[in-house]
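> Return atomic coordinates for the entry below.
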Amino acid sequence: MRLISVIIIILLTTSAFAAEPVLEMKEAVNSFYNAYLAVHASGVPSEKELQKFKPYVSASLIKLLKEADQAEQKYQKTTKGEVPPLVEGDLFTSLFEGATSYKVLSCDAKTSSCMVELSYVESTKGSSPFTWKDKVYPAKDSRGWLVDDIEFLGDWQFMHKGRLKDLLKDVAREGDSN
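Just a heads-up that it's a prediction; the model follows:
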C-alpha cells in the first residue's frame, strides 16, 4: 500500500511540474496581448510604443523591433515620406486591421508554442466578428516566459505570411538597402 501511495505522489508531483510551464506560457501570452490591445500600434511600433511591449517580449524580439523601427525611419527619410512605410497595418497579427480581442486556446510546453484565437470587430453596430488563429512562441529567460515570435496563420492575400521575426529581418534589410 505504501508503494502505491509513493507512486501516486510521484505522479501527481510530476503532473504539477509539467503543468507549470504551460500556465506560465499562457500568462506571458495573455500579458503580451493585453499590452497589444492597449497600444494597438499600426506598422512597426515607435520607440514610445515599444516601451509598453518590453516587459512581455524577449530581448531578441525587442532588438529586431528596434532595428525595424530604425529601418522605417531611414526609409521614410530617404523617400521623403512620399511612399508608404515598409510595414503597413498591424504587425502582430495576420489581419491588416489587427485584433480587437483574443483568447489563448492552448499552450504546448514541448514545442514552446501557444495557439491564439484572434477576432476583429468593426466599431459599427451589428458587425460580425472576423476570427482567425495565429501561433505564438514564448521563450524563457531570466525574466521568465516572454513572447519571442509569432507565426501568422491567416490564409488571405495581402498580409503577413510566415513568422514575425523573419518579417522584421526583411524590413531591416530593405530599409538598409535604401
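> What segments of the protein are helices?
2-39, 47-53, 59-78, 164-177 (DSSP state H).
> Let's have those helices in JSON lines, adding mean neighbour count, distance to Lys135 and mean pLDDT.
C-betas here are computed from N, CA, C, even on glycine. What follows is the helices of the chain, written out as JSON lines (neighbours: other C-beta atoms under 10 Å; distance: least, C-beta to C-beta, whole Å; pLDDT from 0 to 100):
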{"stretch": "helix 2-39", "mean neighbour count": "14", "distance to Lys135": "10", "mean pLDDT": "73"}
{"stretch": "helix 47-53", "mean neighbour count": "14", "distance to Lys135": "18", "mean pLDDT": "94"}
{"stretch": "helix 59-78", "mean neighbour count": "18", "distance to Lys135": "15", "mean pLDDT": "93"}
{"stretch": "helix 164-177", "mean neighbour count": "18", "distance to Lys135": "11", "mean pLDDT": "87"}
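> now those helices in CSV, with distance to Arg143?
Output for the helices of the chain, formatted as CSV (distance: least, C-beta to C-beta, whole Å):
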stretch, distance to Arg143
helix 2-39, 10
helix 47-53, 13
helix 59-78, 9
helix 164-177, 18
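> Quick one: closest of those to Lys140.
Shortest distance between Lys140 and the helices of the chain, using C-beta to C-beta, is found for helix 2-39: 7.7 Å.
> Give me the most central residue, this protein.
Ile150 (4.6 Å; C-alpha atoms, centre = their mean).
> hmm, back to that, which one of the helices of the chain lies nearest to Lys103?
The nearest among the helices of the chain, by C-beta to C-beta, is helix 2-39 at 9.1 Å.
> which strand of this structure spans the most residues?
Using DSSP state E, we find that the single longest strand of the chain is strand 130-141.
> Neighbouring strands - and their directions - for that one?
Here strand 130-141 has these sheet partners by DSSP bridges: strand 113-120 (antiparallel), strand 144-152 (antiparallel).
> Ser42 is nearest to which of those strands?
Across these, Ser42 has its closest neighbour in strand 113-120 (13.5 Å, C-beta to C-beta).
> Pull out the buried residues from the closest one.
For strand 113-120, burial by neighbour count (16 or more other C-beta atoms under 10 Å) applies to Ser113, Cys114, Met115, Val116, Leu118, Tyr120.
> So what touches that strand?
25-26, 29, 33, 93-95, 97-108, 129-138 (C-beta atoms under 8 Å, 6 or more residues apart in numbering).
> if we can go back for a sec, redo the buried residues of strand 113-120 as CSV? Include pLDDT and distance to Val87.
Below are the buried residues of strand 113-120 laid out as CSV (pLDDT from 0 to 100; distance: C-beta to C-beta, whole Å):
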residue, pLDDT, distance to Val87
Ser113, 97, 23
Cys114, 98, 23
Met115, 98, 24
Val116, 98, 20
Leu118, 97, 18
Tyr120, 94, 18
